[in-house]
Structures are given as structure tokens and as C-alpha cells.
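*Asks:* show me the folded form of this:
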Amino acid sequence: MGVKEEGQNRGPVYTLFMKPYGYGPGTMYCGLFCHHVFVTASVKHGVKGPAIAANWSLPASVIVWRNNRPINGRVPLAGDLALFRFKSKRINHVEVIVNWPSNENYCWVIGGNTSNPNGSGEGVFLKQRLKSEMIVVSRITF
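*Replies:* Below is the predicted model of the structure:
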């Protein structure tokens, strides 16, 4: 947490999240951060093309939350993935859920290629997000 970019998606974030997985500097790395988390935890997630945020919602059976509602009574948990659509028509950002308070309208996430809550640059940060901002929440099963 707190690893910051140098330039646009370069510096330590390149060394940690892009280069080891065969991606070049400047690559969007929110999905690669999630990939790194699972690889470090020795979890085989099966996601093809992990640099693309939307790929973390495939197949549809992994979705536990959509449009601010649970799917089949499943509740998001720590370790699930929150997917967002920021200024886009498609999913373009993914973060790992750290805490999902059941009686609140927000949760805590950690993500890469995200803005610093203190306003100084981008990198890997813990953030509070509104649950209503999430397009879907997916669960990697292993």
C-alpha cells in the first residue's frame, strides 16, 4: 500500500505489477495489481488477460453483487473484487475488497492505478467506496 507511480503508470508500479507478468510500462495496472495479489497468495484465479479490468467479471457465475443488489443471496466478502465504470461505457477499473460492512452504504477496497485519497498522485491505496458505485462484485473461487 502506498506504492506511487512515477510518471504515468511507471516507476515502482511497473517493476512490481507489470514487468513480472510481461506487460510494458504505461499499462493500466489495476487488474495486474489484483493478479499480483492472487499470485502472491498462491491462488490460481483463471482470469485470462488480467490487465483488462472487465475480465475479472468473467464468467458471469463469479458475480455475487450487481447494481447494488446481491445475486442469489450471496454477500460480498473480503477478497472479492469490486468492478467500476468510471467515465466509460464499460468496466474499466477493479479493486480488492478489504471490508464490506453489512449495515453501511460503503466498503473499503485496495486498488492499483487509483488516486491517492490525500490527493497526491496515483498508485496503490486503501479507499472507502460507495457500494452503489460498483457495477459488479465478483468472487474468485479456488
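*Asks:* what stretches of this structure score poorly on pLDDT?
*Replies:* 142 (pLDDT under 70).
*Asks:* where do the helices of it begin and end?
*Replies:* Remark: helices assigned in the chain by DSSP state H are 12-13, 30-40.
*Asks:* which elements pack onto the last one?
*Replies:* What it means is helix 30-40. When contacts are defined as 3 or more Cβ pairs under 8 Å, 6 or more residues apart in numbering; DSSP states H and E, helix 30-40 packs onto strand 93-99, strand 106-115. All C-beta spots, glycine's among them, are computed from the backbone N, C-alpha and C.
*Asks:* next, the angle from the longest one to helix 30-40.
*Replies:* Think strand 106-115. Going by axes from the mean of the first three to the mean of the last three Cα atoms, to 10 degrees, strand 106-115 is angled at 110 degrees with respect to helix 30-40.
*Asks:* same check, this time on the shortest one
*Replies:* An angle of 50 degrees separates the directions of strand 93-99 and helix 30-40 when computed by the same axes, to 10 degrees.
*Asks:* okay, buried residues for strand 93-99 please.
*Replies:* His93, Val94, Glu95, Val96, Ile97, Val98 (16 or more other Cβ atoms under 10 Å).
*Asks:* do you know which of the helices of the chain lies nearest Ile140?
*Replies:* Nearest of the helices of the chain to Ile140, taken as Cβ to Cβ: helix 30-40 at 6.6 Å.
*Asks:* and the closest one, how far out from the chain's middle?
*Replies:* A distance of 8 Å separates the centroid of the chain from that of helix 30-40, by Cα atoms, centre = their mean, to the nearest Å.
*Asks:* and what of stretch 83-97?
*Replies:* Computed by Cα atoms, centre = their mean, the chain-centroid distance of stretch 83-97 equals 8 Å.
*Asks:* ok, and what's touching it?
*Replies:* Residues outside stretch 83-97 that contact it (Cβ atoms under 8 Å, 6 or more residues apart in numbering): 30-31, 33-34, 37, 53-54, 56-57, 76-82, 107-111, 113-114, 127, 129, 133-138.
*Asks:* using PyMOL, make a named selection holding only the buried ones among these.
*Replies:* Per 16+ other Cβ under 10 Å, the buried members of the contacts of stretch 83-97 correspond to this PyMOL selection:
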select buried, resi 30+31+33+34+37+53+54+56+57+76+80+81+82+107+108+109+110+111+113+114+127+129+134+135+136+137+138
